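Asker: Sharing a model that was predicted from the sequence below.
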Amino acid sequence: MPLQPQPFADFAELVRDTGLARLWTGQSLSYEPHQLFSYLAGRGLHIPVGTAISVMPLRHPLEAAMAARSLALFSGRSVVAGFGYGSADMVALLRGTRYASPLTATREYLSMVRALVNGERVRQAGEYHYLEGMLPPMPSEYPRIEVGAGVLRAGMARVVGETADVAITWLTPLPHVQDVLAPAIKAGAHSRGRAVPRIVSIVHFAVDRPGRRPYDLVLTANRGHLSMPHYTAMLRGAGVDADPSDPAAGAAALVDSGVFVVGTAREIASRVTEYLRSEVDEVVLSPAGVMMREGVKAALTDVHEVVAELGDAFF
């Protein structure tokens, strides 16, 4: 969560100049992501963007849809509006109580936002969200907005299949995506007679360089996630030994299992290719550990090297 906007502009320029598909950011408590992306567009950096994820309890579905549509108009490019409920503790801090059913809360939220960005009228009184209304019509040529959500396990994957356009994974082993999440997403979509959502996987990586300690990089970027029961439960279910009481051991397990990808730029590119030749439609390259420990320049260098190795196969 940088306190200056320039690092975001540096990454936006990388996306623009290398042919990468999109610039992604997560929930920030320094720069609000939609305002940040609008700032970049105001600087002339008109690129596709995505949020992975915006925390649902922070905004009403109507405001969430307005923010996504505003961003599409500012940038003139496609937007993936990705959402998630965060953690049970965060939900309680924002609402006063946890969601008794996160799946129900997410299903209501995604269905409302997706209808609103598509210009549909919503009349829905759900268990957690209420809305009667619609947004003003938009020109038919305005950029595409996809609504998505973070998925860890089969239940949420099915909800996304029923209601959204994109499923977003984080710290998720590829076999778990292929064997658990993708079938559940397809089942959810088929149950509603709708198109199967795209799968976007966030892949954490670092080019292996002298003096770098991969375990430390993972822990720096993901200590919070590795301390959360729902993340570590997913990892254990996928065969990665992670326990919320010992995030350092979980970080080591992510490296040892290859979920956090470490190697030469060519080896990392090969691993990215595995994702893109499986059930995954889009890979997000996350150099967060390197950026947080070594700075923006080092992180940009890692991304440049991996993209160069991917070469003409994807760009």
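Answerer: It's in. Numbering: from 1, shown residues only.
Asker: Check whether residue 81 really touches residue 146, as I assumed.
Answerer: Yes. Counting by CB atoms under 8 Å, residue 146 is a contact partner of residue 81 at 7.1 Å. Backbone N, C-alpha and C define where each C-beta goes, glycine included.
Asker: Neighbour count: those two, which is higher?
Answerer: A direct count of neighbours by other CB atoms under 10 Å for residue 81 and residue 146 places residue 81 higher, at 31 against 19.
Asker: That one in helix, strand or coil?
Answerer: strand (DSSP: H, G, I helix; E, B strand; the rest coil).
Asker: Residue 229 against residue 242, yeah?
Answerer: No. Using CB under 8 Å, residue 229 is not in contact with residue 242; the gap is 10.2 Å.
Asker: quick one, which of these two is more surrounded?
Answerer: For residue 229 versus residue 242, the count of surrounding residues by other CB under 10 Å is larger for residue 242: 26 against 12.
Asker: List the contacts of the host helix or strand of residue 233.
Answerer: Here residue 233 sits within helix 229-237, counting by DSSP states H and E. If you take CB atoms under 8 Å, 6 or more residues apart in numbering as the criterion, helix 229-237 is touched by 87-88, 152-153, 170-173, 176, 180, 225-226, 241-244, 250, 253-254, 259.
Asker: Select from those residues every entry located in helices.
Answerer: 88, 176, 225, 226, 250, 253, 254 (DSSP state H).
Asker: Residue 201 is in contact with the second one, correct?
Answerer: Going back to what we said before, that points to residue 176. No. Contact between residue 176 and residue 201 fails when scored by CB under 8 Å: they sit 10.3 Å apart.
Asker: between the two, which one's more packed in?
Answerer: Shown here are residue 176 and residue 201; by other CB under 10 Å, residue 201 has more neighbours (24 against 21).
Asker: Confirm that one sits in a strand?
Answerer: Yes. Residue 201: assigned to a strand according to three-state DSSP.
Asker: Against residue 145, how distant is residue 124?
Answerer: 19 Å (CB to CB, to the nearest Å).
Asker: For the two, work out which one has more neighbours and name it.
Answerer: Shown here are residue 124 and residue 145; by other CB under 10 Å, residue 145 has more neighbours (21 against 13).
Asker: So the more buried one versus residue 270, what's the distance?
Answerer: Applying CB to CB to residue 145 and residue 270 gives a distance of 33 Å.
Asker: what's the answer for residue 143, then?
Answerer: From residue 143 to residue 270 the distance is 33 Å (CB to CB).
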